[in-house]
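S.K.: Got a sequence here, can you build the structure:
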Amino acid sequence: MQLKFIQGCVRVKDRKEMTFKSLESISNDYCSLQIATAQKGNFSQVDMEISVPHPLELSSFYLEYAFDTSQVKGVFANGFQSWTDSRVFTPDEKISKLHPIIRPMCQYYSDDRFYAYSGKKGQFHSWGYTYFKLTQPEIFFIGGVNEDDAYTYVEVDVNRGMLRIYKDVEGWCIEEKQLLASFHMGLERELKAFHHYFAALDRDYPTVEQAAGWTSWYHYYTNISEEIILKNARAVKDAGLPLTYFQIDDGFQEKTGDWLKVNNKFPNGMAKVADEIKALGFVPGLWLAPFLVSKKSEIAQKHPDWLLKDGAGKVIKMGYNPMWDGWFYALDFYHSEVRVYLKEVFNTVINDWHFDLVKLDFLFGAAPMPRNGKTRGKIMAEAMMFLRECVGDKLILGCGVPLISAFGRVDYCRIGPDIHLKWDFAILKWLNNRERPSNFNAIGNTINRRQLSHQGFLNDPDVFILRKEHNKLTKGEKYALLLANVMFGDLIFTSDDVAMYDGEMMAHFKSIFPLQKPQNMKVETGQSFYRISFQVKERQYIAFFNLSDSLKRVKLPAGLYFDGTGGVLVEGNTMWEVPAHEASILYHVGLNPFAIAGTVGHIFPAAEIDNIYLVDEELRLDFSEGLVCKPTVYIKIPNEYDINIVNGSRAEVIQKRDFKILKWVKR
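M.R.: The predicted structure is shown next:
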């Protein structure tokens, strides 16, 4: 696939626009553009500098290209922030705008206020980066590089074969020569394309590791207390679950924004709770929404000058949350007293209360509009740099943030919406709320933003649920959520009270350990249906996710497979069924005469075994460090071998064909 340049346009506020028909330097009486194009392997980078004789304010800028639609199978549309639905759209789909009924309550969560949705089929827009799925193995990738100056977004019209690469330059005051736009584009295999892009961005790579943890939100919401938190921490410890993080979410504070005023449900203070969590062997975390305050908070009442206001001087209502006394506002973090206050909050949380991780939420609240001669993207970047300065070398879990502003500035980051206690939030789906709590979107985003993992941060897919109470998810829906978290996520959290688990639930939880990171993923996307092939320790797997509302059937490749959920062998070249809202994973047994035929005990069957080898007339298995369950192991051996001892204990033959299958239970 190739792009053909059509024209470019830069518009200055209160001036006529300047258009250009070639990527060559151009000037008029109020500005000039110097354009340079460099080739780096399969990628080209276009850099455009702007010079001005007098200060001016920009209002828009774009480059327009034509492309051949015959090769295009789909277009990836990256949503505005963490929670926004993000996936590959086919040419016959569309992105609908937010319904006016709900706009006052959540318009600042999205790009709805400043992007004009067409609502037409085949017309999509994507923030930061996009790519085309093609009829060939490579993707065509486009990404913005100077995102700390202004967001990039790409607008695609598949029907017309046209695209525009925009910089969101509204409100940008130019006073001297500087980089206006930098774009990175090219044809490459998927993972290589993302590696090239992040190299061009030149941000810091994360140094943290994949980990599991617990958070209070999706079981208790704001109804938490010192007793509830410590009871759950002890239950996790007693269950022998090797979690790293234990995070207290919303509900410890008197009012949203009054972070240092702890409510009476934590009578011994937050330092006491954090120290107890540490004593149990976990890293304590605390939730904050640093740029937001509720209407009834002391901050809002005593410091109205701290609140962000629109051009008419009216306080901006950032959203509505009944758990936060209704309407809530944003703080102007450029206000010197606000910065002093936030530094005090983080100093207290980290140094006095002893929390080593902070989950920072609703971060889009820092930059709802251009101001102070800066774009939304510039403000968001400076807000993220300010937060990193406040937190220092402690860990940040970002949430509700335009992702490209978070690259290199947080350790973990949410890449999807909140999960829901049903499969989807029906009324908000009907109202076209792209940021709604939704398991459909949470799993979809987790799969479709997988390429960001271990690039600018580690991916947080939100949580999984295994409990029976306080949710209406089916067993299959819970498993799909768990599998997506483990396959694609780096921060694997739950909110369940594990003391209430039955044996099956506990076995499911323990089956994720030791955490294993799939490699060499190949994702094939259908209509709300995903087929993924991957490896763990060079063992081959196929997984299916059916997010649609109807059963799907797919033909398996040739070979022999093991279904870890059913504990059965499955023949290849047969039809495999995946019910609506469910997922499954199959281990490819392989052709080796001595092989692990499967296990029941790890979410990736056989991934908990490092080696299998024969010593005299006994099979030996080496298990992975960190295994917390006792799996049932199925072993394939030639019929002519009379072997039934595995790791010193007897196995039974359960199946014979041109080979036999031994069943052995780890003691």
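
S.K.: mind giving me the domain split of this structure?
M.R.: 3-201, 212-290+343-510, 521-665 (automatic domain parsing).

S.K.: now those domains as CSV including mean pLDDT and mean neighbour count?
M.R.: For the C-beta atoms, the positions are set from N, CA and C on the backbone; glycine is no exception. Supplementary listing: the domains of the chain in CSV, determined by pLDDT from 0 to 100; neighbours: other Cβ atoms under 10 Å:
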stretch, mean pLDDT, mean neighbour count
domain 3-201, 95, 18
domain 212-290+343-510, 98, 21
domain 521-665, 95, 17
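
S.K.: Would you mind giving the ones you listed as CSV with distance to residue 309 added?
M.R.: As requested, the domains of the chain are exported to CSV (distance: least, Cβ to Cβ, whole Å):
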stretch, distance to residue 309
domain 3-201, 14
domain 212-290+343-510, 9
domain 521-665, 41
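
S.K.: List the residues that contact residue 356.
M.R.: 283, 284, 285, 350, 394, 395 (Cβ atoms under 8 Å, 6 or more residues apart in numbering).

S.K.: so what's the third one up against?
M.R.: Just to be clear, that refers to residue 285. 213, 215, 245-248, 355-359, 395, 397.

S.K.: and it, which of the three is it?
M.R.: Three states are possible here, and by DSSP: H, G, I helix; E, B strand; the rest coil the one that applies to residue 285 is strand.

S.K.: Would you check how far apart it and residue 228 are?
M.R.: From residue 285 across to residue 228, the span is 16 Å (Cβ to Cβ, to the nearest Å).

S.K.: remind me, longest helix of the chain?
M.R.: When the chain is parsed with DSSP state H, its longest helix is helix 376-391.

S.K.: Could you list the residues in contact with that helix?
M.R.: 114, 147-151, 168, 170-172, 290-291, 333, 339, 342-343, 346-347, 350, 358, 360, 363-364, 366-372, 374, 396, 398, 401-402, 405-406, 409-410.

S.K.: C-terminal to it, what's the next element?
M.R.: strand 395-398 (DSSP states H and E).

S.K.: helices and strands around that following strand, which ones?
M.R.: Here strand 395-398 is seen to pack against strand 283-288, strand 357-360, helix 376-391, strand 412-414 when contacts are counted using 3 or more Cβ pairs under 8 Å, 6 or more residues apart in numbering; DSSP states H and E.

S.K.: and the shortest one, which strands flank it?
M.R.: Partner strands for strand 412-414, per DSSP bridges, with pairing direction: strand 395-398 (parallel), strand 458-460 (parallel).

S.K.: Quick one: distance of it to the chain centre.
M.R.: Strand 412-414 has its average C-alpha position 6 Å from the chain's average C-alpha position, going by Cα atoms, centre = their mean, to the nearest Å.

S.K.: Please report how far the spatially most central residue of the chain lies from residue 156.
M.R.: Ranked by distance to the mean C-alpha position of the chain (Cα atoms, centre = their mean), the top residue is residue 415 at 1.8 Å. Distance from residue 415 to residue 156, counting by Cβ to Cβ: 22 Å.

S.K.: try residue 351
M.R.: For residue 351, the distance to residue 156 - Cβ to Cβ - is 48 Å.

S.K.: can you check residue 144 too?
M.R.: As for residue 144, its distance to residue 156 is 15 Å (criterion: Cβ to Cβ).

S.K.: got it, and residue 270?
M.R.: Distance of residue 270 to residue 156, given as Cβ to Cβ: 48 Å.

S.K.: likewise residue 10?
M.R.: Plainly put, residue 10 is 21 Å away from residue 156 if you go by Cβ to Cβ.

S.K.: again, but for residue 607
M.R.: Computed as Cβ to Cβ, the residue 607 to residue 156 distance reads 39 Å.

S.K.: Output stretch 34-47 as PDB, nothing but the C-alphas.
M.R.: Written as PDB, here are the backbone C-alpha positions of stretch 34-47 (Å, rounded to 0.1, in the frame of the first residue of the first chain):
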ATOM      1  CA  GLN A  34      10.100  24.000   6.100                       C
ATOM      2  CA  ILE A  35       9.400  20.400   5.100                       C
ATOM      3  CA  ALA A  36      11.800  17.500   5.300                       C
ATOM      4  CA  THR A  37      11.200  13.800   4.500                       C
ATOM      5  CA  ALA A  38      13.600  11.100   5.600                       C
ATOM      6  CA  GLN A  39      13.500   7.400   4.800                       C
ATOM      7  CA  LYS A  40      14.300   4.900   7.600                       C
ATOM      8  CA  GLY A  41      14.100   1.400   6.300                       C
ATOM      9  CA  ASN A  42      10.500   0.700   5.300                       C
ATOM     10  CA  PHE A  43       9.400   3.900   7.100                       C
ATOM     11  CA  SER A  44       9.400   7.500   6.100                       C
ATOM     12  CA  GLN A  45       9.200  10.400   8.500                       C
ATOM     13  CA  VAL A  46       7.900  13.800   7.500                       C
ATOM     14  CA  ASP A  47       9.000  16.700   9.700                       C
END
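
S.K.: My guess is residue 296 contacts residue 327. True?
M.R.: No - taking contacts as Cβ atoms under 8 Å, residue 296 lies outside contact range of residue 327: 9.4 Å.

S.K.: Residue 461 is in contact with residue 415, correct?
M.R.: Yes - using Cβ under 8 Å, residue 415 is in contact with residue 461, at 6.6 Å.

S.K.: Give me the common contacts of the two.
M.R.: 445, 446.

S.K.: quick one: the strands in the stretch 451-600 of the chain?
M.R.: 458-460, 463-464, 491-494, 519-525, 529-536, 539-546, 552-555, 560-563, 568-571, 575-578, 582-588, 595-600 (DSSP state E, counting those that start in this stretch).

S.K.: for the stretch 151-300 of the chain, same thing?
M.R.: Secondary structure of the stretch 151-300 of the chain, counting by DSSP E, counting those that start in this stretch: strands at 152-157, 162-167, 173-174, 178-188, 211-215, 245-248, 283-288, 292-294.

S.K.: Out of the ones you listed, which is closest to residue 448?
M.R.: Put simply, out of these the one that sits nearest residue 448 is strand 152-157, at 15.8 Å, with distance taken as Cβ to Cβ.

S.K.: just checking, what packs against that closest one?
M.R.: For strand 152-157, the packing partners by 3+ Cβ pairs under 8 Å, 6+ apart come out as strand 123-127, strand 129-134, strand 139-144, strand 162-167.

S.K.: would you list the ones you listed in CSV and tack on distance to residue 27?
M.R.: As requested, these are arranged in CSV below (distance: least, Cβ to Cβ, whole Å):
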stretch, distance to residue 27
strand 123-127, 30
strand 129-134, 30
strand 139-144, 24
strand 162-167, 19
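
S.K.: mind checking which of the ones you listed is nearest residue 185?
M.R.: Closest of those to residue 185 is strand 139-144, at 4.5 Å (criterion: Cβ to Cβ).

S.K.: The closest one packs against which elements?
M.R.: Using 3+ Cβ pairs under 8 Å, 6+ apart as the test, strand 139-144 ends up in contact with strand 129-134, strand 152-157, strand 162-167, strand 178-188, helix 190-201.

S.K.: Tell me the spacing between the closest residue to residue 473 other than its chain neighbours and residue 587.
M.R.: Of all residues not flanking residue 473 in the chain, residue 465 sits nearest, at 6.1 Å (Cβ to Cβ, 6 or more residues apart in numbering). Computed with Cβ to Cβ, the distance linking residue 465 and residue 587 is 25 Å.

S.K.: ditto for residue 544
M.R.: As defined by Cβ to Cβ, residue 544 lies at a distance of 13 Å from residue 587.

S.K.: try residue 297
M.R.: Counting by Cβ to Cβ - residue 297 and residue 587 are separated by 53 Å.

S.K.: Any chance of the helices and strands packed on strand 395-398 in a markdown table with distance to residue 522 as columns?
M.R.: Putting those into a markdown table (distance: least, Cβ to Cβ, whole Å) gives the following:
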| stretch | distance to residue 522 |
| --- | --- |
| strand 283-288 | 34 |
| strand 357-360 | 32 |
| helix 376-391 | 33 |
| strand 412-414 | 24 |
